[in-house]
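[1] Structure here, sequence nowhere to be found:
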């Protein structure tokens, strides 16, 4: 029993020493971390406008969005007369966008356009304003308020800065937004067709073709007109609608469907006679 008690005491002593060593290592690590933090803070405090702006840009490039936001704000608030103000104003908008704070980012880009209209960042700000709306755009089945805002923003950028190096991007995004609105109208036309609201369906499809002829949904709308006439057994009008798909939109999926539908309409027309 005595020998067992001695062994137990040694074991407890070793455990206690191990815990003490572990605690020392933790305290040492914490102290080093605090010192590093203090050193970093001192360096950050002493930065001038240019260095702080460059720091913010590096943080943004690494997608340290919140830290970049803070650094851009420090340039704006602490160096109001600096040559890096409009750079930092734009950078702040990008940092909000990076954080997916699209409402804040949009407000920031609008501020640049209002307060710095001659800034070299003006065209970029207009484009990014459109992107803020684009990111908030809902699926075509839902409300399209932000899609329309994005269209207006991209169109203004294209109209006002035709030489901008972001024209290509703006046109691409504009096309995607317009296609989404066209898809919404197409779905409405198909719903009218299924409910046998034939006049409403044809009107919706025709308005889509007139308003969104540059989108893939124009061909589908023209094909939809043929479907409406076919469902009404107006085979001559249906054939005319399908043939127009082939003539106006020959390289589309709608044209491939129209070829098959033309054969079906001719067969039905022959049977009806």
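    Noted; the coordinates are in hand. Note that the structure is a prediction, hence the values are computed from the model and not measured.

[2] what's the host helix or strand of residue 182 packed up against?
    When elements are defined using DSSP states H and E, residue 182 is found to belong to helix 167-194. Counting by 3 or more C-beta pairs under 8 Å, 6 or more residues apart in numbering; DSSP states H and E, the packing neighbours recorded for helix 167-194 are helix 122-135, helix 145-160, helix 198-211, helix 217-231. For the C-beta atoms, the positions are set from N, CA and C on the backbone; glycine is no exception.

[3] Run through the neighbouring helices and strands of the last one.
    Spelled out, it's helix 217-231. With contacts defined as 3+ C-beta pairs under 8 Å, 6+ apart, helix 217-231 has these neighbours: helix 167-194, helix 198-211, helix 235-248, helix 253-272.

[4] what's the answer for the second one, then?
    For helix 145-160, the elements it packs on are helix 122-135, helix 167-194, judged by 3+ C-beta pairs under 8 Å, 6+ apart.

[5] circling back to that earlier point, I'd like to know which of the helices and strands packed on helix 167-194 is closest to residue 59.
    Shortest separation from residue 59 across those is recorded for helix 122-135, at 18.2 Å, computed as C-beta to C-beta.

[6] okay, the angle between that closest one and helix 167-194?
    With axes from the mean of the first three to the mean of the last three C-alpha atoms, to 10 degrees as the criterion, the two stretches helix 122-135 and helix 167-194 enclose an angle of 30 degrees.

[7] and the nearest residue to residue 130 once chain neighbours are set aside, how many neighbours?
    In space, and not counting its chain neighbours, residue 130 is closest to residue 153: 3.4 Å by C-beta to C-beta, 6 or more residues apart in numbering. When neighbours are defined as other C-beta atoms under 10 Å, residue 153 has 26 of them.

[8] Residue 153 touches residue 133, doesn't it?
    Yes. Here residue 153 lies in contact with residue 133, judged by C-beta atoms under 8 Å, at a distance of 5.9 Å.

[9] rewinding a little: tell me which of the helices and strands packed on helix 217-231 lies nearest to residue 107.
    Comparing these against residue 107 with C-beta to C-beta, the closest turns out to be helix 167-194 (19.9 Å).

[10] List the buried residues in the closest one.
    Of the residues in helix 167-194, those buried under the neighbour-count criterion (16 or more other C-beta atoms under 10 Å) are 167, 170, 173-174, 176-186, 188-190, 192-193.

[11] same thing with stretch 145-153?
    Under 16+ other C-beta under 10 Å, the buried positions of stretch 145-153 are 146-147, 149-151, 153.

[12] Report the secondary structure state of residue 233.
    Three states are possible here, and by DSSP: H, G, I helix; E, B strand; the rest coil the one that applies to residue 233 is coil.

[13] what's the pLDDT at the residue nearest to it when sequence neighbours are not counted?
    Across the structure, with C-beta to C-beta, 6+ apart as the measure, the residue nearest residue 233 apart from its sequence neighbours is residue 272 (7.1 Å). As predicted, residue 272 sits at a pLDDT of 83.

[14] now residue 232
    We have a pLDDT of 97 for residue 232.

[15] That one: how many residues sit nearby?
    Here the number of neighbours of residue 232 (other C-beta under 10 Å) works out to 13.

[16] returning to that earlier point: quick one: closest of the helices and strands packed on helix 217-231 to residue 87.
    Among the helices and strands packed on helix 217-231, if distance is taken as C-beta to C-beta, the winner is helix 167-194, at 20.7 Å.

[17] Let me know the angle separating the closest one from helix 145-160.
    Relative orientation of helix 167-194 with respect to helix 145-160: 140 degrees, computed using the same axes, to 10 degrees.

[18] next one: helix 167-194 to chain centre, how far?
    Its chain's average C-alpha position is 16 Å from that of helix 167-194, according to C-alpha atoms, centre = their mean, to the nearest Å.

[19] Tell me where this structure is predicted with low confidence.
    In the prediction, the chain carries residues with pLDDT under 70 at positions 1-45.

[20] Pick out the residue nearest the middle of it.
    Geometric centre of the chain, nearest residue: residue 135, 3.0 Å, by C-alpha atoms, centre = their mean.

[21] For residue 196, what are phi and psi?
    Backbone torsions of residue 196, given as degrees, to the nearest 10, read phi 70, psi 30.
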